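> structure, please.
(chains A and B)
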Amino acid sequence: MTRLGGFRERYGASPLHLLLVVCSFALALYAGIRLLEGDPLGVAIWFVGAALLHDLVLLPLYTLTDRAAQALTGVRGAPVSGTHRTPAVNYVRVPAFLSLLLLVVWYPLVLRRVPGYHSATGLDPEVFLRRWLLLTAAFFACSALCLLAATVRRRPGGPRREPAVAEPE
Amino acid sequence: MFGLVLLFGITVMFVTGLLSYAAYNPDLAAVNDQTPDKGRLGFYLFSWPTSPSWLYRLNQGIHVTLGVVLIPVLLAKLWSVIPRLFSWPPLRSPAQAVERLSLLLLVGGALFEFATGVLNIQLHYIFPGSFYTLHFYGAWVFIGAFVVHVVFRIPVAVRAVRGRRLRTELRTGAADTLPEPLDATGLVSPSPAPATVSRRGALAVVGAGSLTLFAVTVGQSIGGWWRRTALLAPHGQEPGTGPNGFQINKTAADVGIRPADIGPDWRLTVRGPGREAVLTLDQLRRLPQTTAALPIACVEGWSTPDQDWTGVRLTDLAALVGLTDGPPDVFVESVQRGGSFSSTVLRDNQVRDARSLLALRVNGADLSPDHGYPARIIVPANPGVHNTKWVTRLTFGATG
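You can find the predicted model right below:
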């Protein structure tokens, strides 16, 4: 027991942790050698680059964009407890999120990055950008309708009166 | 919550991925195997069955649609754990050092698999190598780290899910949403800003993302009326109308089929041990014709509902060269010059299925050049690229 306790102190986790991780590394290496065959540098860049691109570019980018949207809509203050009021920024966030999500997933077709698409499938490559723009318009239109409905509900004389928007910090 | 969804989702992705690999019968012949150096990674391979005929269609529909739908969940999961990346000091113990390396395989592997998959279904071949090699070995590099992560994090995940009642969270708005209490995970902000989204809101947004992706994708795997709902999916349109108006993987022009290759000089050569028969298209048409209703299903996830194929049974063609009793595997060659799927080997169980045809007609009309005129293979539950088009030679008992 003491010996195991010593291991834990030096290593920082249980021996089981080490065994499992080494086992997974061995498998990763077995497959990794085969993965890297051909274009080792290219594959390594893609593998590590995917994580770096997401963690250090994509995530900071959308976080900053969101911060900017929050500052613009002036809702950094806390909403008042007990009101079920949606902070104004969410009326922009949700449609923007849906639109950008569709773009991130389908960007090769939406942005016409696939020269061989028509030749291979016989299908029209022009439709994707049009459809994505219409979907984006629909998301923002729905959000605008929701905001309008919420505003009408909150108007003086409306069914419910709620406190004014909290001051920005 | 996102973790649990990914636990189930990625497990299904891995299993359907392995099944799709098995469906190519890669252990049967070199031409079927896109990853000949697989070593023990093909340990589980088995003879791919021919029933039910929609087996490959379902498997790939699930693999691709689920993969697309899981993207917002994966992004949300990564967003929720990002503070861990910047924890300080970066290496507190040897255990943490190996864990960080393991997490690189986990996160890099997940993003690599999703990226190669999403690019491949859009025919955007910018990745460094063959899709099959990258996606297959990448999955094996990823899965070890995934299992380790699940084993070590399951207690945390269970505690986190048990710690909150879903019903209570679904009744709590943004204004009453309080931050998590500070704990040792390093994931809780020491000075959190007031919540602008409730927990139910965060779940709803991610759910809406998945639902939206599902709605604009799944129609390409159902076909018929539903295809028009697949607004952004690569095969969300029909290429034409009439008997040959269904989905095409690669057109004749795209793979360099010339009119002369499939004109009046076209012949079908059928070979068996020590025997050979050469047939014109008219001679083929005079052989007994069979009709089978079978789908086309692509590794890229799109598929068509059943089409009515008419042609000569593979067993009848084997009989032409004397193989009347339980014909063996067959090596199929196309007039297509080169290309990774211009030839293929079908296993004996596929040859012997009464619905396996060398089809000459579809839905009551001659095959169009894009669908393999004058003759193509159609075998139930077979991956689309193994239903070879523009067939010119069948060699029974050979594997390439």
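
> can you verify my assumption that residue B:243 contacts residue B:367?
No. Counting by CB atoms under 8 Å, residue B:243 sits too far from residue B:367 to count as a contact (9.1 Å). In short, each C-beta sits where N, CA and C put it, glycine included.

> out of the two, which sits in the more crowded spot?
For the pair residue B:243 and residue B:367, the greater number of neighbours falls to residue B:367 (24 against 17), based on other CB atoms under 10 Å in any protein chain shown.

> what's near enough to touch the more buried one?
Residues in contact with residue B:367 (CB atoms under 8 Å, 6 or more residues apart in numbering or on different chains) are B:244, B:359, B:360, B:361, B:373, B:374, B:375, B:376.

> swap in 7 Å and give it another go.
If a contact means CB atoms under 7 Å, 6 or more residues apart in numbering or on different chains, then residue B:367 has B:244, B:359, B:360, B:361, B:373, B:374, B:376 as its contacts.

> in helices, which of those fall?
Secondary structure of the contacts of residue B:367 is defined by DSSP state H; no position falls in helices.

> wait, residue B:397 touches residue B:328, no?
Yes. Taking CB atoms under 7 Å as the definition, residue B:397 is a contact partner of residue B:328 at 4.5 Å.

> show the pLDDT at residue 66.
You didn't pick a chain, so chain A it is. You'll see residue A:66 listed with a pLDDT of 93.

> nope, chain B please
Residue B:66 carries a pLDDT score of 98 in this model.

> residue A:82 too?
50.

> and if you look at residue A:3?
As summarised for this prediction, residue A:3 has a pLDDT of 66.

> low pLDDT regions in chain A?
Counting by pLDDT under 70, the low-confidence segments of chain A come to A:1-4, A:75-84, A:157-169.

> for it, which helix extends over the most residues?
Using DSSP H to define each element, chain A has its longest helix at helix A:127-154.

> so which bits of that one are buried?
Neighbour-count burial for helix A:127-154, counted by 16 or more other CB atoms under 10 Å in any protein chain shown, picks out A:128, A:131, A:132, A:135, A:136, A:139, A:140, A:143.

> which one of these is nearest chain B?
Closest approach to chain B among those (CB to the nearest CB): residue A:131, at 4.6 Å.

> and the lengthiest helix in chain B, how far out from the chain's middle?
In chain B, with assignment by DSSP H, the single longest helix is helix B:131-163. Mean C-alpha position of helix B:131-163 versus that of the full chain (CA atoms, centre = their mean, to the nearest Å) differs by 20 Å.

> who are the packing partners of it?
Counting contacts by 3 or more CB pairs under 7 Å, 6 or more residues apart in numbering or on different chains; DSSP states H and E, the secondary-structure elements packed against helix B:131-163 are helix A:15-36, helix B:2-23, helix B:94-121.

> most tightly packed of these?
Comparing the helices and strands packed on helix B:131-163 by mean neighbour count (mean count of other CB atoms under 10 Å in any protein chain shown), helix B:94-121 comes out on top with a mean of 21.

> for that one, name the packing helices and strands.
Counting contacts by 3+ CB pairs under 7 Å, 6+ apart, helix B:94-121 is packed against helix A:15-36, helix A:40-52, helix B:55-81, helix B:131-163.

> got a list of what the closest residue to residue B:290 other than its chain neighbours touches?
The shortest distance from residue B:290 to any residue other than its chain neighbours is 5.2 Å, reached at residue B:313 (CB to CB, 6 or more residues apart in numbering or on different chains). Contacts of residue B:313 were listed using CB under 7 Å, 6+ apart, and they are B:290, B:354, B:356, B:357.

> among these, name the buried ones.
Applying the neighbour count, that is 16+ other CB under 10 Å, the buried entries in the contacts of residue B:313 are B:290, B:356, B:357.

> out of the residues you listed, which is nearest to residue B:109?
Distance to residue B:109 across the buried ones among the contacts of residue B:313 (CB to CB) is lowest for residue B:356, with 37.7 Å.

> quick one: pLDDT of residue B:51?
At residue B:51, the model reports a pLDDT of 96.

> repeat for residue B:83
You'll see residue B:83 listed with a pLDDT of 86.

> could you find the closest non-adjacent residue to it?
Leaving aside its sequence neighbours, residue B:83 sits nearest to residue B:187 (CB to CB, 6+ apart; 5.5 Å).

> from chain A, how far off is the residue nearest to residue B:290?
When CB to the nearest CB, to the nearest Å is the yardstick, residue B:313 and chain A sit 29 Å from each other.

> tell me the confidence at that residue?
98.

> the one 3 residues further on too?
At residue B:316, the predicted lDDT confidence score is 98.

> and it, that one's in a helix?
Yes. Going by DSSP: H, G, I helix; E, B strand; the rest coil, the assignment for residue B:316 places it inside a helix.

> can you state the direction angle for the longest helix of chain B and helix B:94-121?
Orientation of helix B:131-163 against helix B:94-121 (axes from the mean of the first three to the mean of the last three CA atoms, to 10 degrees) gives an angle of 120 degrees.

> average pLDDT for helix B:131-163?
Per-residue scores along helix B:131-163 average to 94.

> buried residues in that helix?
Going by 16+ other CB under 10 Å, helix B:131-163 has these buried residues: B:131-150, B:152.

> then stretch B:326-341?
Taking 16+ other CB under 10 Å as the neighbour-count basis, stretch B:326-341 is seen to contain the buried residues B:327, B:328, B:329, B:330, B:331, B:332, B:333, B:334, B:335, B:336, B:341.

> do stretch B:353-372 as well
For stretch B:353-372, a neighbour-count test (16+ other CB under 10 Å) marks B:353, B:355-362, B:366-372 as buried.

> then stretch A:92-112?
Going by 16+ other CB under 10 Å, stretch A:92-112 has these buried residues: A:92-99, A:101-102, A:105-110.

> hmm, who's touching that stretch?
In contact with stretch A:92-112 (CB under 7 Å, 6+ apart) are residues A:66, A:69, A:73, A:113-114, A:117, A:125, A:128-129, A:132, A:135-136, A:139-140, A:143, B:68, B:71-72, B:118-119, B:122, B:124, B:205, B:208-209, B:212-213, B:216, B:232, B:234.

> CA-only coordinates of it in CSV, if you can.
In CSV, the C-alpha atoms belonging to stretch A:92-112 read as follows (Å, rounded to 0.1, in the frame of the first residue of the first chain):
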residue,chain,number,x,y,z
VAL,A,92,-28.4,37.7,-32.6
ARG,A,93,-26.4,34.8,-31.2
VAL,A,94,-28.7,31.9,-32.1
PRO,A,95,-29.3,32.7,-35.8
ALA,A,96,-25.7,33.6,-36.3
PHE,A,97,-24.6,30.4,-34.6
LEU,A,98,-26.9,28.3,-36.9
SER,A,99,-25.8,30.1,-40.0
LEU,A,100,-22.1,29.9,-39.3
LEU,A,101,-22.4,26.2,-38.2
LEU,A,102,-23.9,25.3,-41.6
LEU,A,103,-21.1,27.3,-43.3
VAL,A,104,-18.4,25.6,-41.3
VAL,A,105,-19.7,22.1,-42.1
TRP,A,106,-20.7,22.7,-45.8
TYR,A,107,-18.2,25.5,-46.8
PRO,A,108,-16.6,23.5,-49.6
LEU,A,109,-19.9,23.3,-51.5
VAL,A,110,-21.3,26.7,-50.3
LEU,A,111,-18.2,28.6,-51.3
ARG,A,112,-17.7,26.7,-54.5
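
> so how far is it off the chain centroid?
Worked out by CA atoms, centre = their mean, stretch A:92-112 lies 11 Å from the chain centre.

> do stretch B:242-254 as well
Relative to the mean C-alpha coordinate of its chain, stretch B:242-254 is positioned 20 Å out (CA atoms, centre = their mean).

> over to stretch B:313-326?
What separates the centre of stretch B:313-326 from the centre of its chain is 32 Å, taken as CA atoms, centre = their mean.

> could you do stretch B:169-177 as well?
Centre to centre, stretch against its chain (CA atoms, centre = their mean), the figure for stretch B:169-177 is 40 Å.

> start and end of that stretch, how far apart?
Taking CA to CA, to the nearest Å as the measure, stretch B:169-177 stretches 9 Å from start to finish.
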